[in-house]
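*Asks:* My questions are about this predicted structure, shown below with the sequence.
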There are 2 protein chains.
Amino acid sequence: MDFEKENSAGYLVNHMARLFAKELQHRIAPLGIVVGQFPILLELWLKDGVTQKDLLGKIDVEQATLANTLNRMERDGLIRRTKSPTDARAQLIWLTEKASGLRDSAYEAALNVNADALQVLSEPERAQFMRYMRLVISGMRSD
Amino acid sequence: MDFEKENSAGYLVNHMARLFAKELQHRIAPLGIVVGQFPILLELWLKDGVTQKDLLGKIDVEQATLANTLNRMERDGLIRRTKSPTDARAQLIWLTEKASGLRDSAYEAALNVNADALQVLSEPERAQFMRYMRLVISGMRSD
DNA sequence: TACACTTGAATAGCTAGCTATGCAATATTA
DNA sequence: TAATATTGCATAGCTAGCTATTCAAGTGTA
């Protein structure tokens, strides 16, 4: 039997993900944020004052991962938390001024990473590529 | 400005990579190995008795990451190390019997993950998808 | 109402990745 | 050959992800 990693989808996917992460990391570092915080910020920029559970429903990550990342974000002055008025177990998560102000630069950084990474593909190829990824993801999630 | 994560290549790539890793993890756990060890084992199954530096040249990971993973592999009885006869700083890395014996089952597990993940795509689509990933990777590496 | 069940979140403990730094052995060069 | 530079590897310390477990607060029910 043979196994050539360049012909292994999993190997390529992993490698590509690390390159994307490294590139995004590099571009958002000046903003004082890190990659794991990105999806959370994306949600909070749309709507804050939500509970951890609300966030969890929108972000594809385990609850423990989210809780840890939120702790680091609080430590770093990106969010603050207030008691939920309706449930003593829950807290509402709010962006700080600092974090709110980063939105446009962060969007831009991420859009640039994506554009640069996909620049080797033509426009229709890019669309195909995105479509393939969405298909693979939804196939894998439904197992 | 708008940012929809389902339209972000980086977001999809990251998500897909975690699904692949989780699936592979799940299938190789019975063999007593974990995902980070996989690329190293692939190389060692081809040829062992090599130095860390040799391995580093073939695996796309930082030196420190490799060193840590090798330590865990030694702890887990997958490799052993002998002094290099030519360089007192280096060691030669050898597979144990246990690790050698895992090769075929591990190949099979990985091939199955890939096949299952890509089953939502037709054969020509799969080929395109792989081609796109290789293009994106080589584009990103050459920056 | 008391007790059991469920749920929101935190914590422990692990792998895998990274950067930065240290250190001893080898190579190079003045 | 002595001083310097380079190299092979290890270590420290961080983020990001995971599973498993715990715990307190809410919910439902006998």
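*Replies:* All right, it came through fine. Computed from a predicted structure; not experimentally measured.

*Asks:* buried ones in stretch A:19-33?
*Replies:* Of the residues in stretch A:19-33, A:19-21, A:23-24, A:27-28, A:31, A:33 count as buried by neighbour count, 16 or more other C-beta atoms under 10 Å in any protein chain shown. To be clear about C-beta, it is placed using only N, CA and C from the backbone, and glycine gets the same treatment.

*Asks:* Kindly apply the preceding question to stretch A:57-67 instead.
*Replies:* A:59, A:61, A:66.

*Asks:* ok, of those residues, which one's closest to DNA strand C?
*Replies:* residue A:66 (7.8 Å; C-beta to the nearest atom of the strand).

*Asks:* Surely residue A:77 is in a helix?
*Replies:* No. Per DSSP: H, G, I helix; E, B strand; the rest coil, residue A:77 lies outside any helix segment and is coil.

*Asks:* Contact partners for it?
*Replies:* A:96, A:98-99 (C-beta atoms under 8 Å, 6 or more residues apart in numbering or on different chains).

*Asks:* Between these, identify the one with the most neighbours.
*Replies:* Within these, most neighbours by other C-beta atoms under 10 Å in any protein chain shown means residue A:99, with 25 neighbours.

*Asks:* Need phi/psi at the most centrally placed residue in chain A.
*Replies:* For chain A, the residue nearest the mean C-alpha position is residue A:39 (3.0 Å; C-alpha atoms, centre = their mean). Main-chain dihedrals, residue A:39, degrees, to the nearest 10: phi -60, psi -30.

*Asks:* is it true that residue A:32 touches residue A:76?
*Replies:* Yes. Residue A:32 lies in contact with residue A:76 (C-beta atoms under 8 Å); the separation is 7.0 Å.

*Asks:* that older thread, right, and the pair among the buried residues of stretch A:19-33 with maximum separation?
*Replies:* Farthest pair in the buried residues of stretch A:19-33 (C-beta to C-beta) is A:19 and A:31. Separation: 20.0 Å.

*Asks:* Out of the buried residues of stretch A:57-67, list just those in strands.
*Replies:* Judged by DSSP state E, strands contain none of those.

*Asks:* With pLDDT and distance to residue B:83 added, can I get those residues in CSV?
*Replies:* Listed next are the buried residues of stretch A:57-67 as CSV, based on pLDDT from 0 to 100; distance: C-beta to C-beta, whole Å:
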residue, pLDDT, distance to residue B:83
A:59, 94, 48
A:61, 96, 44
A:66, 98, 46
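
*Asks:* And the nearest residue in space to residue A:84 that is not next to it in sequence, its phi and psi?
*Replies:* In space, and not counting its chain neighbours, residue A:84 is closest to residue A:90: 4.0 Å by C-beta to C-beta, 6 or more residues apart in numbering or on different chains. Dihedral angles of residue A:90 (phi, psi; degrees, to the nearest 10) stand at phi -100, psi 160.

*Asks:* what's the distance between residue A:90 and DNA strand D?
*Replies:* Look at residue A:90 and DNA strand D: by C-beta to the nearest atom of the strand, to the nearest Å, they are 8 Å apart.

*Asks:* mind checking how far the closest residue to chain B within chain A is from residue B:9?
*Replies:* Chain A approaches chain B most closely through residue A:17 (3.4 Å), counting by C-beta to the nearest C-beta. According to C-beta to C-beta, to the nearest Å, residue A:17 stands 11 Å off from residue B:9.

*Asks:* the domain parsing of chain A - what is it?
*Replies:* A:8-32+A:102-143, A:34-99 (automatic domain parsing).

*Asks:* With respect to burial, which of those domains scores highest?
*Replies:* domain A:8-32+A:102-143 (a mean of 17; mean count of other C-beta atoms under 10 Å in any protein chain shown).

*Asks:* can you tell me how far the residue nearest to the centre of chain A sits from residue B:109?
*Replies:* On the measure of C-beta to C-beta, residue A:39 and residue B:109 end up 29 Å apart.

*Asks:* right, and residue A:67 touches residue A:52 too?
*Replies:* Yes. Residue A:67 lies in contact with residue A:52 (C-beta under 8 Å); the separation is 6.6 Å.

*Asks:* Excluding sequence neighbours, find me the nearest residue to residue A:135.
*Replies:* residue B:120 (4.7 Å).

*Asks:* Low-confidence stretches in chain A?
*Replies:* Along chain A, segments meeting pLDDT under 70 span A:1-2, A:143.

*Asks:* hmm, try it at 50
*Replies:* Residues of chain A meeting the criterion pLDDT under 50: none.

*Asks:* related to what we said a few turns ago, what residues does the residue nearest to the centre of chain A make contact with?
*Replies:* A:59-61, B:5, B:11.
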